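A.B. asks: Quick one, what's the 3D model for this:
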Amino acid sequence: MMPSVDTDVLFVSAISVWNRALDAHRSSFPYKRILSGLHGLPKGRCAHIEVYDDDPGSPIAHFAVCFRRGLIEPVAAEPHGEHVCWSVSADYLERVVAGAEALVQDPSQLDWDWLKDWAGLDG
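C.D. replies: Numbering: from 1, shown residues only. All right, here's what the predicted structure looks like:
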């Protein structure tokens with residue numbers, strides 16, 4: 001299934017929260033370490049992400065992000081591309097967008113595991 005416009009907007013809006021949190025906390029642990037790992041990724045290495053409604057086995061949208069110019073940037077994704085780095089519910093992304101300001105202030109409440117995995121960091 002192709003992502004809907006609403007899912008596209010939701011995903012891009014949520015990714016901007018991670019970018020803002022990384023920027024605001026770039027000099028503190030663990031965000032400094034995450035950024036270092038992302039900067040070390042091979043050029044063009046993307047993270048593939050699936051968004052689902054109720055069933056993680058039935059994604060409603062496929063996305064990819066690359067790390068460029070110091071930002072996590074959504075890029076075009078093949079529906080069945082590489083290994084999925086993160087399977088996330090649309091409900092979680094909606095909560096991230098709704099609570100963006102608080103999450104940027106306290107980024108420990110965000111899911112960082114997918115970024116750590118993508119950046120090749122242990123735990």
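A.B. asks: Can you point out the buried residues in the lengthiest strand in the chain?
C.D. replies: Longest strand of the chain, by residue count under DSSP state E: strand 59-68. With burial defined by 16 or more other C-beta atoms under 10 Å, the residues of strand 59-68 counted as buried are 59-67. Yep, even glycine has a C-beta here, placed from its N, CA and C like the rest.
A.B. asks: What pairs with that strand, parallel or antiparallel?
C.D. replies: strand 47-52 (antiparallel), strand 71-75 (antiparallel) (DSSP bridges).
A.B. asks: which other helices and strands contact whichever helix in the chain runs longest?
C.D. replies: In the chain, taking DSSP state H as the definition, the longest helix is helix 5-24. The helices and strands touching helix 5-24, judged by 3 or more C-beta pairs under 8 Å, 6 or more residues apart in numbering; DSSP states H and E, are helix 31-39, strand 47-52, strand 59-68, strand 71-75, helix 90-98, helix 100-105.
A.B. asks: picking up where we left off before, let's have the buried residues of strand 59-68 in a markdown table, adding pLDDT.
C.D. replies: Output for the buried residues of strand 59-68, formatted as a markdown table (pLDDT from 0 to 100):
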| residue | pLDDT |
| --- | --- |
| Pro59 | 93 |
| Ile60 | 93 |
| Ala61 | 92 |
| His62 | 91 |
| Phe63 | 93 |
| Ala64 | 93 |
| Val65 | 94 |
| Cys66 | 94 |
| Phe67 | 94 |
